[in-house]
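>>> would you be able to build a 3D model of this:
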Amino acid sequence: MKASIEKALNDQINAELYSAYLYKSMEMYLHSIDLPGMANWMKVQVQEELAHAEGLIQFVNLRGGRVMLAAIEGPKKEWKSAAEVFADAYDHESKVVTVKIHKLVDLAIKEKDHAFNQFLQWYVAEQVEEEDNTSTLLRKLKKIGDHMPSLMQVDAQLATRVFTAPVIPGTTVGGP
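Next comes the predicted model:
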């Protein structure tokens, strides 16, 4: 594995761990404002981000690289509303994570590392889903505003979300 790819993967592992940390902070905020269903949705999101990081870790190890964990920046802790939480989650996915994944693909192409490029395609597709999920919830929350019965209905729906380990090709994440 080229040093440039190893460094970029280590940066992405750190970014995925930061995402988990950010979503954990959102989960705790949502609990604090008595929205346990939305908090549950974020708890599942934390588990997904940790699985994404694990997939990257396994890829680095499989390719003979070395994972070097770095310090994780402290996340935001306060929001004005559940809608603001999901706005931040959408912005994080669309303006940070997707951009980082696309830059990894660009690097794979530049370095002509076809295995790396192929591996990343799962993450590219995953980001489409991540953006769709967060933007859908954000649109719902914007529409209902402060209407408490509607907010409670969405909260109850989000309480049903469960974590299903993603199957990341080329790794044991979600697999045997």
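>>> so residue 131 makes contact with residue 98?
Yes - using C-beta atoms under 8 Å, residue 131 and residue 98 qualify as a contacting pair, with a distance of 6.5 Å. Every residue, glycine included, has its C-beta placed from N, CA and C.
>>> all helices of this protein, in order?
Taking DSSP state H as the test, the helices found in the chain are 3-32, 36-62, 82-91, 98-110, 114-144, 148-158.
>>> closest to residue 171 out of those helices?
Residue 171 lies closest, by C-beta to C-beta, to one member of the helices of the chain: helix 36-62, at 4.1 Å.
>>> for that closest one, buried residues please.
36-60 (16 or more other C-beta atoms under 10 Å).
>>> poorly predicted segments of this protein, please.
175-176 (pLDDT under 70).
>>> what's the residue closest to the geometric middle of it?
residue 49 (4.4 Å; C-alpha atoms, centre = their mean).
>>> can you count the residues close to residue 34?
Applying other C-beta atoms under 10 Å, we find 10 residues neighbouring residue 34.
>>> now residue 64: closest residue in space that isn't a chain neighbour?
residue 1 (6.0 Å; C-beta to C-beta, 6 or more residues apart in numbering).
>>> what does stretch 163-176 rub up against?
44, 47-48, 51-52, 54-55, 58-59, 62, 118-119, 122, 126 (C-beta atoms under 8 Å, 6 or more residues apart in numbering).
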